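**Student:** build me a structure from this.
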Amino acid sequence: MNTDQGLIAQISEMDLMCAESEAPRRAYEDPVLIQDNRVLQNLLALEDRYQPNPAYFKCVQTDIKRYMRKMVAQWMLEVCDEQRCEEEVFSLAMNYLDRFLSVCDTPRTRLQLLGAACMFIASKLKETCPVSAEKLVIYTDHSITLSMLMDMESLLLSKLKWDLSAVTPQDFLEQILSRLALEKEQTEVIKKHAQTFVALCATDCKFMMYPPSMIAAGSVGAAVHGLSNVPHLDVKLLQRLHQITGIEMDCLRGCQEQIEQTLAVNLSSMATTVEQTTKMEHTPSHHSNSQHEHLKEQPTTPTDVQDIHF
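**Tutor:** Residues are numbered from 1 along each chain as shown. Sure thing, here's the model as predicted:
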């Protein structure tokens, strides 16, 4: 009897070790929910309920500026990428952040704490294994404590009235793509590019005025426009997106162009940074070398917003 119990314990321990080494399991798309038009109509009817106030920088916030939000959003995106979170986590976390800032004046010194709390809650809703509070504290370079994170989580839940199942652009992507009647490989490629555009929109304040369905449709349009393997779809795509979402074609075209312009600006900015770094590497002067060393020491996004003097 003891031998059997020991064997069972060893097998259970081996199963646990194997499970821990596996990649996080992802939920599959439910074809019933994807193909039922009532689900899409419900999403379209509910999306305005979760829209933040795009003018909160002028009406509510007295200390936080637009570029500060962008810095924290980029930091949040890097954390989500490094933790291999579901794509919905970042979109949902940014929705929480903007809705909170729409109703509660927040000092800049608590903005990263708010971002961490938003990711903490969003990962609980969308992840099989949520991001732990301890990891989030580490990602802030220990500028916050666990108690501060828990207190901010409680305040965030209170200000959002515990209404956490917000509609985001990610909710519309599968609904739209499933109705375009594409091959599976084409759908996966377009979806991957569209998800990148959705994340890009979430980091830019000017897209707060667009509803999630329009951002999703514009992202799909931008993805198709940038891919050469689906040229036949590009011509009638706007009309099809209009039929699916009910959004006017001029609005869809404007949103898609705005996304493409934002992407071009970001790529141009990255290219300029790379060019400047390359020049510094080939400049023999001592002053340029010291600047280059300083540049290499700086992270791409700040790990501690509280240490930055705006």
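
**Student:** the nearest residue to Cys251 once chain neighbours are set aside: what's it in contact with?
**Tutor:** Excluding its sequence neighbours, the residue lying closest to Cys251 (Cβ to Cβ, 6 or more residues apart in numbering) is Met214, at 6.3 Å. C-betas here are computed from N, CA, C, even on glycine. Listed by Cβ atoms under 8 Å, 6 or more residues apart in numbering, the contact set of Met214 reads 245, 247, 251-252, 255.

**Student:** with Ile34 instead?
**Tutor:** Ile34 neighbours (Cβ under 8 Å, 6+ apart): 174-175, 178.

**Student:** of the residues you listed, which is the most crowded?
**Tutor:** Gln175 (21 neighbours; other Cβ atoms under 10 Å).

**Student:** just to check, that one is in contact with Val39?
**Tutor:** Yes: using Cβ atoms under 8 Å, Gln175 is in contact with Val39, at 7.1 Å.

**Student:** and the residue nearest to Cys251, what helix or strand is that in?
**Tutor:** helix 212-226 (DSSP states H and E).

**Student:** buried sites along that helix?
**Tutor:** Judged by neighbour count (16 or more other Cβ atoms under 10 Å), helix 212-226 contains these buried residues: 212-225.

**Student:** give me the below-cutoff pLDDT ranges for the stretch 1-150 of the chain.
**Tutor:** Filtered on pLDDT under 70, the stretch 1-150 of the chain yields the residue ranges 1-28.

**Student:** what segments of it are helices?
**Tutor:** 2-21, 31-35, 37-46, 56-59, 66-82, 87-101, 111-126, 133-139, 146-159 (DSSP state H, counting those that start in this stretch).

**Student:** I'd like the ones you listed as JSON lines, with distance to Ala166 appended.
**Tutor:** JSON lines is the format used below for these (distance: least, Cβ to Cβ, whole Å):
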{"stretch": "helix 2-21", "distance to Ala166": "31"}
{"stretch": "helix 31-35", "distance to Ala166": "17"}
{"stretch": "helix 37-46", "distance to Ala166": "9"}
{"stretch": "helix 56-59", "distance to Ala166": "16"}
{"stretch": "helix 66-82", "distance to Ala166": "16"}
{"stretch": "helix 87-101", "distance to Ala166": "5"}
{"stretch": "helix 111-126", "distance to Ala166": "9"}
{"stretch": "helix 133-139", "distance to Ala166": "20"}
{"stretch": "helix 146-159", "distance to Ala166": "13"}
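
**Student:** Ile259 is nearest to which of those helices?
**Tutor:** Nearest of the helices of the stretch 1-150 of the chain to Ile259, taken as Cβ to Cβ: helix 87-101 at 14.7 Å.

**Student:** before we move on, the earlier item: can you list the contacts of Ile34 in TSV and add distance to Ile190?
**Tutor:** Shown next, in TSV, are these (distance: Cβ to Cβ, whole Å):
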residue	distance to Ile190
Glu174	11
Gln175	14
Ser178	12
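
**Student:** the spatially closest residue to Glu134 that is not a sequence neighbour: how many residues sit nearby?
**Tutor:** Leaving aside its sequence neighbours, Glu134 sits nearest to Leu146 (Cβ to Cβ, 6+ apart; 7.2 Å). Leu146: 11 surrounding residues under other Cβ under 10 Å.
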